[in-house]
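Asks: With the input below, show me the fold.
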Amino acid sequence: MKRRSLLSTLGAAALQPQVAGAQTSSTPFKVGLLIGAGSDARTYAFEAFRLGLRTQGFVEGQNLVIERRVDIEGTDESLSRAAHELAALSPAVVVAANTPPVIAMRQAAPATPIVMVAVGDPIAMGLIASLRHPSRTITGITGQDAELTGKRLALLKEVVRSVTRIGLLASPDNPVFDTQLANAEAVAKAHGIELLREDVHGQSDLDRAFASIVDRGGRAVMRLGGFRSREAIKSLASLAVEHRLPFCSDRLIEVQEGLLMSYGPGTAAMFQQAAGFVARILRGAQPGDLPVEPPAKYELALNMPTARALGIVFPAGVIARATAVVEA
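Replies: Presented below is the predicted three-dimensional model:
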């Protein structure tokens with residue numbers, strides 16, 4: 001796979017830590033990381049986070065300790081347990097990726113500053129009051145997932161120009177489902193597309209949902225939330241090829257697992273961006289004084305073997321915009 005610009009935003013300046021700007025202390029700063037199940041925050045994202053902090057003068061083993069907790073089980077109980085484990089360590093600030101970990105962390109440590117990463121609609125979820133003046137304890141980076149739903153739909157239309165019906169795997173329990181759905185419906189109407197909604201409540205529903213989409217004349221498929229475990233992603237990829245349905249997702253990790261394409265915020269870039277928030281908070285800034293930011297970078301990923309299996313030829317314009325291409 002070619003990662004054309006995975007860490008391009010890190011820049012050569014990352015090799016020159018701005019140590020002079022960092023607060024010094026005989027006791028290292030403690031920073032927590034809470035990652036939910038199914039997150040694509042893998043090693044490269046953590047390295048981007050560490051490098052981002054290093055550019056601000058915060059270096060592990062010198063003036064910084066990073067405590068990481070990853071929810072492997074994917075249940076409310078396991079996520080809450082991981083959040084309380086971090087809270088017990090009394091971190092100065094916690095970075096929490098995606099909506100459920102932010103909520104869990106706020107419940108476990110109401111007074112601890114939280115830098116959120118990739119939260120789709122933090123205002124609607126009651127996490128912050130506004131983007132400009134977020135919260136006494138929470139700020140960070142939105143995932144803009146609701147808005148990007150429409151862009152993924154338009155991307156499917158660009159790749160499969162004749163498509164008029166697109167299957168929609170819907171998870172109504174997704175916290176930002178209503179906003180996502182409204183956005184998708186508006187874009188679909190503008191492009192003359194009929195959305196074939198199939199509510200799915202578990203991985204066992206996927207076979208039925210795909211078969212129904214095909215029976216109703218669907219020519220492509222996308223998803224609104226849910227099904228982010230590795231097993232579910234593999235199932236989605238297999239079913240999409242079996243039913244010859246181009247699938248547009250939101251995360252690079254899913255294209256690596258076999259889905260046709262994805263468009264969404266760059267995970268590594270968001271974690272480097274989060275490091276900037278952490279550095280300012282460690283220096284004394286209050287979360288409420290740090291406006292929430294959109295992602296600094298977006299990634300368009302394409303899977304060439306899957307495209308060949310589906311008989312898809314990506315338009316030259318789509319290939320030119322791709323930041324990651326899986327070729328084998």
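Asks: Can you report how many residues lie near Ala182?
Replies: Applying other CB atoms under 10 Å, we find 13 other residues in the vicinity of Ala182. Bear in mind the C-beta positions are built from the backbone N, C-alpha and C, glycine included.
Asks: so where's the stretch 1-150 of the chain uncertain?
Replies: Residues of the stretch 1-150 of the chain that meet the criterion pLDDT under 70 lie in 1-25, 38, 40, 145-146.
Asks: where along it do the helices fall?
Replies: With helices called from DSSP state H, counting those that start in this stretch, the stretch 1-150 of the chain shows them at 43-55, 76-88, 99-108, 145-159.
Asks: So which other helices or strands are in contact with the third one?
Replies: Using 3 or more CB pairs under 8 Å, 6 or more residues apart in numbering; DSSP states H and E as the contact criterion, the secondary-structure elements in contact with helix 99-108 are strand 29-35, helix 76-88, strand 93-97, strand 114-119.
Asks: From Lys30, how far off is the closest residue to Phe58 other than its chain neighbours?
Replies: Spatial nearest neighbour of Phe58, excluding adjacent residues (CB to CB, 6 or more residues apart in numbering): Leu64 at 4.5 Å. To Lys30, Leu64 is 8 Å away according to CB to CB, to the nearest Å.
Asks: Compare these two (neighbour count), which wins?
Replies: Between Leu64 and Lys30, counted using other CB under 10 Å, Leu64 has the larger neighbour count: 21 against 17.
Asks: Isn't that one up against Thr27?
Replies: No - Leu64 is beyond contact range of Thr27, at 10.8 Å (criterion: CB atoms under 8 Å).
Asks: And Val318, how close does it get to Val241?
Replies: According to CB to CB, Val318 and Val241 sit 19 Å apart.
Asks: Who has more neighbours out of those two?
Replies: Neighbours were counted for Val318 and for Val241 using other CB under 10 Å; Val241 has more, 18 against 15.
Asks: mind checking which helix or strand the more buried one is in?
Replies: Following DSSP states H and E, one finds Val241 within helix 230-242.
Asks: partners of the helix or strand that that helix is followed by in the sheet?
Replies: Per DSSP H and E, the first helix or strand lying C-terminal to helix 230-242 is strand 247-249. Strands that pair with strand 247-249, judged by DSSP bridges, come out as strand 220-224 (parallel), strand 261-265 (parallel).
Asks: Convert the C-alpha atoms of the helix or strand following the last one to PDB, please.
Replies: Put plainly, it is strand 261-265. Per DSSP H and E, the first helix or strand lying C-terminal to strand 261-265 is helix 267-282. Coordinates of each C-alpha in helix 267-282 appear next as PDB, following Å, rounded to 0.1, in the frame of the first residue of the first chain:
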ATOM      1  CA  THR A 267      -6.100   9.400  12.000                       C
ATOM      2  CA  ALA A 268      -2.400  10.200  12.300                       C
ATOM      3  CA  ALA A 269      -3.000  13.800  11.500                       C
ATOM      4  CA  MET A 270      -5.800  14.100  14.100                       C
ATOM      5  CA  PHE A 271      -3.600  12.600  16.800                       C
ATOM      6  CA  GLN A 272      -0.800  15.100  16.000                       C
ATOM      7  CA  GLN A 273      -3.400  17.800  16.100                       C
ATOM      8  CA  ALA A 274      -4.600  16.500  19.500                       C
ATOM      9  CA  ALA A 275      -1.000  16.800  20.700                       C
ATOM     10  CA  GLY A 276      -1.200  20.500  20.200                       C
ATOM     11  CA  PHE A 277      -4.300  20.700  22.500                       C
ATOM     12  CA  VAL A 278      -2.600  18.600  25.100                       C
ATOM     13  CA  ALA A 279       0.500  20.800  25.100                       C
ATOM     14  CA  ARG A 280      -1.500  23.900  25.600                       C
ATOM     15  CA  ILE A 281      -3.500  22.400  28.500                       C
ATOM     16  CA  LEU A 282      -0.300  21.200  30.100                       C
END
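Asks: what's the average pLDDT for helix 267-282?
Replies: For helix 267-282, the mean per-residue pLDDT is 96.
Asks: by how many degrees do it and strand 93-97 diverge?
Replies: Interaxial angle of helix 267-282 relative to strand 93-97 (axes from the mean of the first three to the mean of the last three CA atoms, to 10 degrees): 160 degrees.
Asks: I'd like to know which elements helix 267-282 is packed against.
Replies: strand 29-35, helix 43-55, strand 93-97, strand 114-119, strand 138-142.
Asks: What residues sit buried inside the longest one?
Replies: If you call a residue buried by 16 or more other CB atoms under 10 Å, then helix 43-55 has these buried ones: Tyr44, Ala45, Phe46, Ala48, Phe49, Arg50, Leu51, Gly52, Leu53, Arg54, Thr55.
Asks: OK, contacts around Asp76?
Replies: Taking CB atoms under 8 Å, 6 or more residues apart in numbering as the criterion, Asp76 is in contact with Pro100.
Asks: hmm, I was thinking of Pro110
Replies: With contact set as CB under 8 Å, 6+ apart, Pro110 has these partners: Thr137.
Asks: From Ile103, how far out is it?
Replies: 12 Å.
Asks: repeat for Val200
Replies: Applying CB to CB, the value for Val200 to Ile103 is 23 Å.
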